[in-house]
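In: coords please:
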Amino acid sequence: MNAISFLGNSTMKPAYRLFMTRKNPSFFGCAKHHHSLASNLSRNYSTFDRNRESAAYPFRVLCSRGGINGTQKAFCAPSIDFGHSRIISRSYYGVCTTKSDRAGYILACIAPKVQQYSTSVETRVNDKNFERIYVQNGIGVKPLVVERIDKDENVIGEEESRLGVAAPEDLEGGKGVEISTPRREESDMEKEAWRLLKDSVVMYCGTPVGTVAANDPGDKTPLNYDQVFIRDFVPSALAFLLKGEGEIVRNFLLHTLQLQSWEKTVDCYSPGQGLMPASFKVRSVPLDDNKHEEVLDPDFGESAIGRVAPVDSGLWWIILLRAYGKITGDYTLQERVDVQTGIKLILNLCLSDGFDMFPTLLVTDGSCMIDRRMGIHGHPLEIQALFYSALRCSREMLAVTDGSKNLVRAVNNRLSALSFHIREYYWVDMKKINEIYRYKTEEYSMDATNKFNIYPEQIPLWLMDWIPEEGGYMLGNLQPAHMDFRFFTLGNLWSVVSSLGTPKQNEAILNMIEAKWDDLVGNMPLKICYPALEYDDWRIITGSDPKNTPWSYHNGGSWPTLLWQFTLACLKMGRTDLAEKAVALAEKRLQVDRWPEYYDTRTGKFIGKQSRLYQTWTIAGFLTSKILVENPKMASLLFWEEDYELLENCVCGLSKTGRKKCSRGAAKSQILV
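Out: Have a look, this model is predicted:
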């Protein structure tokens with residue numbers, strides 16, 4: 001079975017649809033405008049130019065609370081709320097003016113700078129494999145999507161959603177699963193956590209669009225902690241979704257999509273199209289006549305520490321998009337033309353050809369949760385695990401058409417190669433360490449055992465005594481002549497959640513965490529990495545980073561937000577006892593310590609010396625974990641099982657180059673159950 005045919009038989013949503021009211025055909029606000037989008041573009045350049053001159057922040061999405069003129073009524077966009085619509089006139093800056101309208105739910109995103117902000121992009125893999133991404137009517141702008149959600153659509157209603165009803169099509173028998181929350185009274189700690197989470201919500205144009213990173217009322221210098229970060233919002237989004245409140249997540253997904261390909265620059269250089277921002281902030285811009293416009297101001301890394309673009313933002317966005325559909329049962333969002341195009345742009349950015357020979361993503365330091373220099377440049381496990389998850393999500397959500405089949409084939413090929421590469425070369429246990437210990441170096445043949453020319457002297461002394469007899473883990477990084485043997489928690493947990501590791505490997509990862517509980521969990525779940533860089537290693541690798549001192553922050557600090565991912569991994573592998581133990585441990589201190597960002601010392605005993613208090617993803621991670629532990633069936637909507645068909649899809653077998661067959665057959669016999 002080839003890559004395309006087996007995907008076509010998998011659970012797939014139909015191609016995107018257009019929803020519009022039959023009662024009111026003049027859905028753009030007046031009948032004379034609804035027949036043609038293209039005719040409206042040229043007539044409104046003057047309005048767009050006037051708005052551009054009045055705005056103080058270029059490349060921002062604006063929302064005006066002022067009056068609505070006749071021209072603006074021609075263009076409509078959603079409040080992203082079931083039951084209301086929002087009128088938008090989107091200029092070069094994205095100015096939007098609001099008006100309530102119960103008739104429908106409409107989006108028209110228009111940008112006159114066609115060449116500068118085009119989402120019509122031709123992408124290739126090996127010059128042939130990628131499709132041409134296009135939008136309706138041949139207009140190379142953010143695509144027009146007209147959407148009407150009627151009562152008879154197969155979308156779970158608000159009341160059902162609040163009761164926790166999910167209807168994923170890929171569960172056994174293709175039937176929905178009813179997940180009911182136990183009716184127990186929330187503890188005072190949970191009540192406070194929900195209050196704090198809701199207090200952190202950011203409003204834009206009168207609708208919720210995300211949560212700030214931290215909301216400490218006593219913090220006089222919030223820096224960028226008052227922004228909405230894509231990666232930080234994920235646990236908040238899951239908490240809201242599991243609670244039955246999906247509006248804020250839908251808003252977040254659509255608004256960040258509108259920020260996707262804006263050309264932010266560093267030193268006159270623009271990043272690749274499809275890049276998602278690391279964060280955004282809502283600003284208020286004064287206009288004439290005492291009016292104000294709200295501005296969505298994105299940060300693509302040009303103002304971050306190190307000026308590094310976020311590699312993980314787009315990957316988290318795709319993962320959250322899938323979670324939204326799975327939990328709410330509302331798949332119409334991922335079927336929209338603009339959302340489908342956004343997925344394709346992210347994939348195009350990640351799957352583009354380069355100089356690298358490996359299927360893993362090559363990234364620089366500071367491009368993920370560890371956003372400072374920590375020696376993770378190259379092919380860090382965290383990015384590879386998220387990349388694998390995003391590819392699996394995309395394969396589920398992409399509409400398979402003649403125009404997308406080459407992209408789908410590229411996704412399947414990359415999934416196959418990536419899973420083999422990580423399982424075979426990143427895995428470390430007692431047996432593998434002994435093998436590396438006896439490596440021969442300078443091997444040039446195709447049959448070399450030491451394929452990456454790893455020197456046995458690289459095995460650190462701490463590891464030889466630390467690794468348990470039973471258990472193992474994915475090492476932190478791999479590139480020529482370099483293995484990073486540190487244990488990185490997020491990458492390992494997400495390898496379990498996404499089934500990037502084999503079933504035996506996933507079980508061994510949790511066994512190792514249990515065996516090394518005092519080191520990896522201690523007084524507060526969970527260490528971001530182990531061990532910390534100390535002495536000369538700290539000075540050389542981190543550059544003597546005053547924040548990443550040993551056993552603090554990213555350098556061996558304990559991060560409570562990792563609790564929800566640990567819980568998800570444990571529930572997948574049937575280790576509910578470990579999840580409950582970790583949640584109970586966090587429950588003892590988080591409220592008392594005022595919900596810190598991270599903890600310091602080897603055992604996580606002290607609040608981090610520069611830790612922000614009332615950290616939102618600490619709060620949300622705790623709430624999400626509590627819900628998942630009490631409702632394990634909900635966890636099944638968020639993780640992936642082993643895909644055995646994918647393992648048969650070997651790129652080498654499709655090659656016509658005459659090269660020797662790869663070692664996949666031998667590897668499968670060794671590592672697969």
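
In: which strands and helices sit next to the lengthiest helix in the chain?
Out: Within the chain, and with DSSP state H defining each element, the longest helix by residue count is helix 405-425. The helices and strands touching helix 405-425, judged by 3 or more C-beta pairs under 8 Å, 6 or more residues apart in numbering; DSSP states H and E, are helix 3-8, helix 337-351, helix 381-397, helix 644-647, helix 651-654, helix 664-671. For every residue, glycine as well, the C-beta is placed using N, CA and C.

In: can you flag the weakest of these by average pLDDT?
Out: Mean pLDDT is lowest for helix 3-8 out of those, coming in at a mean of 42.

In: helix or strand right after the longest helix of the chain?
Out: The C-terminal neighbour of helix 405-425 among helices and strands, as given by DSSP states H and E, is strand 427-429.

In: quick one: strands adjacent to that next one?
Out: Neighbouring strands of strand 427-429 in its sheet, by DSSP bridges, are strand 472-474 (antiparallel).

In: can you list contacts of the partner strand?
Out: 381, 385, 422, 426-430, 432, 487, 491-492, 495, 501, 505, 508-509, 512 (C-beta atoms under 8 Å, 6 or more residues apart in numbering).

In: can you say which of those are buried?
Out: Using 16 or more other C-beta atoms under 10 Å as the burial test, those include 381, 385, 422, 426-429, 487, 491-492, 495, 501, 505, 508-509, 512 as buried.

In: ok, those vs residue 225, which is closest?
Out: residue 491 (24.5 Å; C-beta to C-beta).

In: ok, the closest one - contacts?
Out: 380-385, 474, 476.

In: quick check: the two most widely separated of those residues?
Out: Farthest pair in the contacts of residue 491 (C-beta to C-beta) is 383 and 474. Separation: 12.3 Å.

In: just for this protein, where's the confidence low?
Out: Scanning the chain with the threshold set as pLDDT under 70 gives 1-183, 262, 264, 649-673.

In: now with 50?
Out: By pLDDT under 50, the weakly predicted segments of the chain are 1-60, 64-177, 179, 653-654, 656, 658-660, 670, 673.

In: list the buried residues for stretch 354-365?
Out: Neighbour-count burial for stretch 354-365, with 16+ other C-beta under 10 Å as criterion, is recorded at 358-363, 365.

In: contacts only, for residue 593.
Out: By C-beta under 8 Å, 6+ apart, residue 593 lies in contact with 607, 613.

In: could I get the phi/psi values of it?
Out: phi -90, psi 0 (degrees, to the nearest 10).

In: quick one: it and residue 424, what's the gap?
Out: Separation of residue 593 from residue 424 (C-beta to C-beta, to the nearest Å): 42 Å.

In: now swap in residue 255 and tell me
Out: 40 Å.

In: re earlier: now render the contacts of residue 491 as TSV, adding distance to residue 239.
Out: Formatted as TSV, these follow (distance: C-beta to C-beta, whole Å):
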residue	distance to residue 239
380	27
381	26
382	22
383	25
384	27
385	22
474	27
476	29
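
In: tell me the contacts of residue 380?
Out: Contacts of residue 380 (C-beta under 8 Å, 6+ apart): 363, 368, 370, 476-477, 484, 488, 491.

In: give me that answer again for 10 Å
Out: The contact partners of residue 380, by C-beta atoms under 10 Å, 6 or more residues apart in numbering, come to 311, 360-365, 367-368, 370, 374, 476-478, 484, 488, 490-491.

In: before we move on, the earlier item: residue 294: which of the buried ones among the contacts of strand 472-474 is nearest?
Out: Using C-beta to C-beta, the buried ones among the contacts of strand 472-474 come closest to residue 294 at residue 385, 36.0 Å.

In: for the closest one, give its distance to residue 316.
Out: 12 Å.

In: and if you look at residue 224?
Out: 17 Å.

In: who's more crowded, the two?
Out: residue 316 (23 against 16; other C-beta atoms under 10 Å).

In: which secondary structure elements does the strand or helix carrying that one sit against?
Out: Per DSSP H and E, residue 316 falls inside helix 312-328. Under the contact definition 3 or more C-beta pairs under 10 Å, 6 or more residues apart in numbering; DSSP states H and E, helix 312-328 sits against helix 158-162, strand 165-166, helix 230-243, helix 247-258, helix 332-335, helix 337-351, helix 381-397, helix 489-498.

In: make CSV out of those and add distance to residue 415.
Out: Formatted as CSV, the helices and strands packed on helix 312-328 follow (distance: least, C-beta to C-beta, whole Å):
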stretch, distance to residue 415
helix 158-162, 31
strand 165-166, 25
helix 230-243, 22
helix 247-258, 23
helix 332-335, 19
helix 337-351, 11
helix 381-397, 5
helix 489-498, 10
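
In: compare these and give me the one nearest residue 186.
Out: helix 230-243 (11.0 Å).

In: between the buried residues of stretch 354-365, which sits nearest residue 217?
Out: Among these, and counting by C-beta to C-beta, the member closest to residue 217 is residue 365, at 33.4 Å.

In: now the closest one: how far from residue 476?
Out: Separation of residue 365 from residue 476 (C-beta to C-beta): 13 Å.

In: cool, residue 501 as well?
Out: Counting by C-beta to C-beta - residue 501 and residue 476 are separated by 14 Å.

In: please apply the same query to residue 228.
Out: Taking C-beta to C-beta, one finds residue 228 at 29 Å from residue 476.
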